[in-house]
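J.: Sharing a sequence plus its predicted fold:
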Amino acid sequence: MMQPVTRHAAEDLVQGALERAYRHWDRVAGMEAPEAYVRRILANLAADHHRLQNRGSRPVPGRGRPRRVMRVLSQLPPRMRAVLVLRYYDDLSEAQIAEALGVSVGTVKSQAARALARLREAMASTEEKRMS
């Protein structure tokens, strides 16, 4: 199961993203959307952090719907997971997500559709197992 990021770890991730942006500020400041660029840095750092924290670990079966959702989310590829989090947690538009991740709007749409299909499928199969 994907472990939540502690407040201190989140602060470190934000600080790291800002540090990286500052090191390249001449280039970042000239961008059309520097905030999206920094958000992309943060998303990449968070994915790296998650990978390092879970190296060699296995998802733990959870009880309750939120834990099952988190377990399924943790099994999605990083880009699919990032698209869902940016869309449904940060409430960004498809265009904003595309800009933040450096991909096309079509890629955002297809990744979101595939991720939601996987979530539905996994949740349905766990419900069936619980009922039998």
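T.: Nice, I can see it. All values derive from a computational prediction rather than experimental measurement. Numbers count the residues shown, from 1 in each chain.
J.: Which positions within the lowest-mean-pLDDT helix or strand in the chain qualify as buried?
T.: Within the chain, no helix or strand scores below helix 65-75, which has a mean of 77 by mean pLDDT, DSSP states H and E. For helix 65-75, the neighbour count (16 or more other C-beta atoms under 10 Å) marks 68, 69, 70, 71, 72, 73, 74 as buried. (Glycine included, C-beta is placed from N, CA and C.)
J.: need the contact list for the residue nearest in space to the middle of the chain.
T.: Nearest residue to the geometric centre of the chain (C-alpha atoms, centre = their mean): residue 82, 2.6 Å. Residue 82 is in contact with 43, 47, 101, counting by C-beta atoms under 8 Å, 6 or more residues apart in numbering.
J.: Put together CSV for the buried residues of helix 65-75, with distance to residue 38 on each row.
T.: Below are these laid out as CSV (distance: C-beta to C-beta, whole Å):
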residue, distance to residue 38
68, 33
69, 28
70, 26
71, 30
72, 29
73, 23
74, 25
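J.: between these, which is closest to residue 34?
T.: residue 73 (28.6 Å; C-beta to C-beta).
J.: backbone phi and psi for residue 104, please?
T.: Note on residue 104: backbone dihedrals following degrees, to the nearest 10 are phi -80, psi 160.
J.: Surely it and residue 98 touch.
T.: Yes: assessed by C-beta atoms under 8 Å, residue 104 is found in contact with residue 98 at 5.9 Å.
J.: Who has more neighbours out of these two?
T.: Taking neighbours as other C-beta atoms under 10 Å, residue 104 and residue 98 compare with residue 98 leading, 20 against 11.
J.: Check the contact between the more buried one and residue 107; I expect there is one.
T.: Yes: counting by C-beta under 8 Å, residue 107 is a contact partner of residue 98 at 7.0 Å.
J.: one step back: the contacts of residue 82, buried ones only, as a PyMOL selection?
T.: To isolate the buried members of the contacts of residue 82 in PyMOL, using 16+ other C-beta under 10 Å:
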select buried, resi 43+101
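J.: Columns pLDDT and secondary structure on top of the contacts of residue 82, output as TSV?
T.: As requested, these are exported to TSV (pLDDT from 0 to 100; DSSP: H, G, I helix; E, B strand; the rest coil):
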residue	pLDDT	secondary structure
43	87	helix
47	82	helix
101	89	helix
